[in-house]
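S.K.: how would this look folded up:
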Amino acid sequence: MDWNRVEGNWKQVKGKIKEQWGRLTDDDLDQIDGNREQLEGRIQELYGIEKDRIRREVDDWYDRQAFDR
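M.R.: Numbering: from 1, shown residues only. This is a model prediction of the structure:
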């Protein structure tokens, strides 16, 4: 997985992330600014999900996206 694609397209990706994890606010996403660890940490705080599960969910979400691969 090349998370750099997410970081480089963060403004376009934010909407897709909010669709998946609706509790994230625009302020959360602006602060995260494409940083995967911060994204996972914020999801963990908001949803109370264990870290390993969040990592898998983010991986699954990424795999479903249509980035230029």
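S.K.: Report the contact partners of residue 32.
M.R.: 38, 39, 42 (C-beta atoms under 8 Å, 6 or more residues apart in numbering). Every residue, glycine included, has its C-beta placed from N, CA and C.
S.K.: which residues sit in contact with the second one?
M.R.: Pointing back at residue 39 there. With C-beta under 8 Å, 6+ apart, residue 39 has these contacts: 17, 32, 58.
S.K.: element containing it, please.
M.R.: Using DSSP states H and E, residue 39 maps to helix 36-47.
S.K.: residues of that helix that come out buried?
M.R.: For helix 36-47, the neighbour count (16 or more other C-beta atoms under 10 Å) marks 39, 40, 42, 43 as buried.
S.K.: mean confidence for stretch 37-50?
M.R.: Averaged over stretch 37-50, pLDDT sits at 97.
S.K.: er, stretch 19-30 actually
M.R.: Across stretch 19-30, the average pLDDT comes to 97.
S.K.: Over to it now: how far is its first residue from its last?
M.R.: Counting by C-alpha to C-alpha, to the nearest Å, you get 16 Å between the two ends of stretch 19-30.
S.K.: May I see the buried residues of that stretch?
M.R.: Neighbour-count burial for stretch 19-30 flags 21, 24, 28, 29 (criterion: 16+ other C-beta under 10 Å).
S.K.: mind putting those residues in TSV, secondary structure and distance to residue 62 included?
M.R.: As requested, those are exported to TSV (DSSP: H, G, I helix; E, B strand; the rest coil; distance: C-beta to C-beta, whole Å):
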residue	secondary structure	distance to residue 62
21	coil	13
24	coil	16
28	helix	18
29	helix	16
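S.K.: tell me which of those is nearest to residue 52?
M.R.: residue 21 (16.6 Å; C-beta to C-beta).
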